[in-house]
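Asks: Task: produce atomic coordinates for the following.
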Amino acid sequence: MAGWDAVQDGTTYGTPTGIWSVVVDGELYVRAWHGTGSRWYQAAVTQHRGRIRVAGHVRKVRFEQADASVGDAVDDAYRTKYAGSLYLPPIIGSGPQAATVPTSPSRG
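Replies: Numbering: from 1, shown residues only. Predicted structure coming up:
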């Protein structure tokens, strides 16, 4: 699990949020646990930017809404990475599926 925070007001970063991540075809995807109504997801898709904290490194990223065509591949990546986890069934449920967000490095 990685740490993420999205820009809440266009200027400042919000509260860091733990997000379950996977890589599909070289692209990093995350899902909001509480679906599209979650504060984190709303900030991410409205402001399109945030930060990722992984292994002690912080990087700025851009958030976009995922193309629906990647849904099955993202689900399969979650099944592989989190096999046996009690959290797997909820994260591949319809709420989090609808809140799938790809990330890309941000230059700003």
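Asks: so how many other residues sit close to T36?
Replies: For T36, the count of nearby residues is 15 (other Cβ atoms under 10 Å). The way it works is simple: take the backbone N, C-alpha and C, and place the C-beta from them, glycine included.
Asks: If you could redo that for I19, that was the one I meant.
Replies: Neighbours of I19 under the rule other Cβ under 10 Å: 24.
Asks: Also T103?
Replies: If we define neighbours as other Cβ under 10 Å, then T103 has 22 of them.
Asks: How about the secondary structure of it?
Replies: strand (DSSP: H, G, I helix; E, B strand; the rest coil).
Asks: does it have beta-bridge partners, and which?
Replies: F63 (DSSP bridges).
Asks: could you list every residue that touches the residue of the chain positioned farthest from its centre?
Replies: Distance from the C-alpha centroid of the chain, by Cα atoms, centre = their mean, peaks at G84 (20.6 Å). By Cβ atoms under 8 Å, 6 or more residues apart in numbering, G84 lies in contact with nothing.
Asks: if I look at it, how far off is Y78?
Replies: For G84, the distance to Y78 equals 12 Å [Cβ to Cβ, to the nearest Å].
Asks: And what about the residue most central in space within the chain, helix, strand or coil?
Replies: Among the residues of the chain, the one closest to the centroid is V30, at 2.3 Å (Cα atoms, centre = their mean). Put simply, V30 is strand when judged by three-state DSSP.
Asks: can I assume it is in contact with G18?
Replies: No - between V30 and G18 there is no contact under Cβ atoms under 8 Å: 10.2 Å.
Asks: and A55, how many neighbours?
Replies: 5.
Asks: Over to V58?
Replies: 10.
Asks: Not including adjacent chain positions, what is the nearest residue to it?
Replies: R51 (5.5 Å; Cβ to Cβ, 6 or more residues apart in numbering).
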